[in-house]
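Trainee: just the structure for this:
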Amino acid sequence: AIFVLAWGRLPFPQFFLKKELLYVPVFGQALWSYEMPVMKRYSKEYLNRNPDKRGKDLETTQKSCERIKDQPFTIINFVEGTRFTQLKKKKNGSSFDNLLQPKAGGVHMVLSNLASQLDGVLDLTLAYPGCDSPSFWNIISGRAPLVIIQVKKYALDGISAPSLEQLKIRQGTQQVREWINELWANKDRSIGEMHERYRPN
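Mentor: Sure thing, here's the model as predicted:
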């Protein structure tokens, strides 16, 4: 859905990828050839044993921002970090009904490094009424008969999204976290309404 919406309308997209995706045949090699930034997630237990690994994802984000800042770009960030399922929701400790808890660190890094070159932030929401967490195979086999795509644009003006000035201050990360949490609360409510309104009989 993201590629369809972006194709021919936005500069070539850059994804922040989980390392595991590189091992998907053909798809992984294609992503690698386009030099997509790769993120490696570590468990809390691993970080406790290897504290030097803390913040490595943010270092990767910073380097990626530096590499693309002088060219047209679109950055696509999956703020939840993984696909929603009820099991992941429970493990994630999410306070939302239809979403996982969002992560603000990568978003803040992108905005604080590139905000002056961004036209805005596009917030993309996907909902599958009647199917809480469809897999790719569910969708192509028709088990998710309806897919709703909602796109909203936010200007970095300090009203609909944090401004460049707000991002530069010490509390910038907190500003982004509060904004994303508010965004997620509205998104969660909107997805719930879509499920109710369009749920198949």
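
Trainee: low-confidence ranges, this protein, go.
Mentor: Within the chain, the set of residues satisfying pLDDT under 70 comprises 1-9, 40-43, 58, 132, 144-145, 170.

Trainee: which stretches of it form strands?
Mentor: Secondary structure of the chain (DSSP state E): strands at 13-15, 17-18, 38-39, 74-76, 121-127, 148-154.

Trainee: okay, those strands in JSON lines with distance to E182 and mean neighbour count next?
Mentor: To be clear about C-beta, it is placed using only N, CA and C from the backbone, and glycine gets the same treatment. Converted to JSON lines, those look like this (distance: least, C-beta to C-beta, whole Å; neighbours: other C-beta atoms under 10 Å):
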{"stretch": "strand 13-15", "distance to E182": "25", "mean neighbour count": "18"}
{"stretch": "strand 17-18", "distance to E182": "26", "mean neighbour count": "16"}
{"stretch": "strand 38-39", "distance to E182": "25", "mean neighbour count": "18"}
{"stretch": "strand 74-76", "distance to E182": "21", "mean neighbour count": "18"}
{"stretch": "strand 121-127", "distance to E182": "11", "mean neighbour count": "17"}
{"stretch": "strand 148-154", "distance to E182": "11", "mean neighbour count": "13"}
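
Trainee: of these, which is nearest R67?
Mentor: For the strands of the chain, distance to R67 was read as C-beta to C-beta. The smallest value, 9.1 Å, belongs to strand 13-15.
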